[in-house]
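Can you look at this prediction? I've put the sequence above it.
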Amino acid sequence: MSATHVNGSGNQNRKLPLFYRLIQNSSASVLVLLVILIVIGRFMNSSFLDWGNLTSIFRSTSFVAIIALGMTFVFIALELDLSVGSVVALSGIVVGMLLKEGVPIPVACAAGVLSGLASGIVTGFVIVHFNIPSMIGSLGMQFILRGVVYVVTKGIPLYPLPEGFEKLGLGSVLGVPTPWMVYMALALIFWYLLKHTTYGRAIYAIGGNKDTAWLCGLNVKTLRMSTYWITGALSGLVGVLLASRLSSAQPNAGQTWEMLVIASIIVGGVSMFGGVGNIIGTVIGSLLIGMLTNFLVMIRLSVYWQNIAIGVIILGAVIMDQYRKTLALRMR
Amino acid sequence: MKKTFGFLVALLLCAAVTSAGQRVTFVPPLVANPYWDVVERGARLAAKEHNVELDYVGPTQLDINEMMKYLEAAIAQRVDGIATMALNEAALAPIINQAVDAGIPVILVDTDAPKSRRTAYAGTNNVTAGRVLGENLARIKNGKAKIGMMTGALDQPSLNQRMEGFRQAIANYPDMVEVALEGDNSDLQLCIQKGEAMLRAYPEIDALAGFEGFGVPGLSRVVKEAGKVGRITVVGFDDLADTFAFIRDGIATGTTVQRQFMMGYLGVELAIKAANGEKLDSIYDTGVMFIDKSNIETFNPEAK
């Protein structure tokens, strides 16, 4: 990046307040990348923007995206939760087993979400009370919960599940996939929670500087633990939705999803170093990461090249964001 | 004192059994598991036919250390032959070699350990299995199809061998064309997600072939949800519970299954043949069966 180029953009921006605002906005660069990918997708395959394909993208994206909402809180508070994928499997198995016992569908679903919340409570407690690094604490929980699933199921999926249960994950409301509707509602709630409540401010505060937050009278320990309750409950909900979508509870559900979740929020502008990030960025980042699988098949890229493409796009997103920040800094 | 007495009686009984006939120990990686239960019945039939004593013992959960304990016990008892499955080649190779050095033939079934000095291996030849699927799809589609393929992880040898055989088979039919290949990492959700995208990206596809176990259940859901049942043929491998359900419902056409009954049968038979000094081949193909609506109800996994 040359200095003249940056100055050039700087001069330009005084005439273009929109560009200036875009540069200042943390979601701008990933939004630009998302639009570029959509244009490429449409150009390479005319049916990329068909409603049928969009609903397919929305439905499959919502699972990882719902967990990313919670992970945004976790990262802003400078925590890390690697157990989310295992919670998805655990919750699915809980729902599956209860349904097979003849428990009514709403009760079984609630139990699935609660099993996720309970896992989150344990994870948070272990990390905060024993004061162990969140990476190790949540990694331990990832193994333990996945292990519980394998002990209970012996690795065999729970199938078939009662009729009617599949409506939750497979159904649509007004032509929009139900999981995506659930995701949109949750995004709105968590956007409000993070941006417009004292709780949200407190999360930023403990991620910015825990000691200062403590001196300001915040209950840092409870606040830290609460972020794991959120990821736990949301992962539990996703476990229910996924089991419904697959009309079976799969022991390997959610495996390696923690990496997709983290990629989604980092691409969306959440900082690895705490205190920075917002829900709008996370939503755009989740859409970008969630769209990739469909996008790469739709542009007919060979399966052997797809991993390279995913890596390049993730790196591209983060590099563009870094460039935007430098630009914004020079413009002050 | 009582213990010693019991031990002596056991020893005597052992001696009696040994003198009466030969003894084979079969150590599966899992007992009380649907797949391995069929293997056990094959082993028991062979034991009955060859009039040998069979110890079928193994852990209730996948546990390499437990397997090794059973194998060590079998070597210590100087049985006439051992049959087992190479759950982990590196861990089991030394103990397999130890048995062979002690003059006990070791037959591996299901999963081979080619780096060990095992006597013989009986299992599915995945290239042949792939060829069987290819031939059957060609028969179903009258030699004319545009095929979308779904594998699992790109580096899984068994899946790559299945695809190799499949491609060999369809190469004989000029109108059987592979249109697309995708991988789902053996994840049902990803299989559906990529399957949906594949049908949109390649609308000409009129046959879907899954190469890992989730292929038939995943691709059947895709075809069903897209409302294309009957227009797109779904075939694949293995016998997960929902795979058979989709074939019964007419959404999937057929699946290629392993013949684990033969693995159990050959495990015992080959062990006894080797013990009696017969020269064995290194590898025995237990073959596969193509299951479709015509034979799914009469399908007997225990047919020889």
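Great, that's in hand.

Count residues in the vicinity of the closest residue to chain A within the stretch 51-200 of chain B, would you?
Proximity of the stretch 51-200 of chain B to chain A (CB to the nearest CB) peaks at residue B:197, 3.7 Å away. Using the backbone N, CA and C atoms, a C-beta is placed for each residue, glycine as well. As a burial measure, residue B:197 scores 25 neighbours (other CB atoms under 10 Å in any protein chain shown).

before we move on, what about residue A:43?
So residue A:43, with other CB under 10 Å, has 10 neighbours.

Look up how far residue A:298 lies from it.
To residue A:298, residue A:43 is 11 Å away according to CB to CB, to the nearest Å.

try residue A:128
Taking CB to CB, one finds residue A:128 at 44 Å from residue A:298.

what do you get for residue A:221?
As defined by CB to CB, residue A:221 lies at a distance of 47 Å from residue A:298.

Looking at residue A:128 and residue A:298 now, which is surrounded by more residues?
Set residue A:128 next to residue A:298 and count neighbours by other CB under 10 Å: residue A:298 wins out with 24 against 21.

what sits against that one?
A:41, A:44-45, A:47-48, A:53, B:197, B:200-201 (CB atoms under 8 Å, 6 or more residues apart in numbering or on different chains).

Just the buried ones from those residues?
Buried members of the contacts of residue A:298, scored by 16 or more other CB atoms under 10 Å in any protein chain shown, are A:41, A:45, A:48, A:53, B:197, B:200-201.

nearest to residue A:132, of the residues you listed?
residue B:197 (41.2 Å; CB to CB).

ok so that closest one is a helix residue?
Yes. According to DSSP: H, G, I helix; E, B strand; the rest coil, residue B:197 belongs to a helix.

That one reaches residue A:297, doesn't it?
Yes. Counting by CB atoms under 8 Å, residue B:197 touches residue A:297, with 3.7 Å between them.

Tell me the pLDDT of residue B:106.
For residue B:106, the pLDDT comes out at 97.

Okay, and residue B:179 sits in which element?
Per DSSP states H and E, residue B:179 falls inside strand B:175-183.

correction: residue B:62
Here residue B:62, judged by DSSP H and E, is contained in no helix and no strand.

Kindly report the residues of chain B close to chain A.
B:33, B:61, B:151, B:154, B:180-183, B:186-190, B:192-194, B:196-198, B:200-203, B:217, B:221, B:225, B:240-242, B:245 (CB under 8 Å from any CB of the partner chain).

Poorly predicted segments of the chain, please.
Reading this off chain A. A:1-16, A:332 (pLDDT under 70).

Please refer instead to chain B.
Low-confidence segments of chain B (pLDDT under 70): B:1-20, B:304.

repeat that with 50
B:15-19 (pLDDT under 50).

Can you give me the domain boundaries for it?
B:2-124+B:260-287, B:126-258 (automatic domain parsing).

Include distance to residue A:256 when you put the ones you listed into a markdown table, please.
Shown next, in a markdown table, are those (distance: least, CB to CB, whole Å):
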| stretch | distance to residue A:256 |
| --- | --- |
| domain B:2-124+B:260-287 | 21 |
| domain B:126-258 | 8 |
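
Which residues are in contact with residue B:253?
If you count contacts by CB under 8 Å, 6+ apart, then residue B:253 has B:140, B:233-235, B:247, B:292-293 around it.
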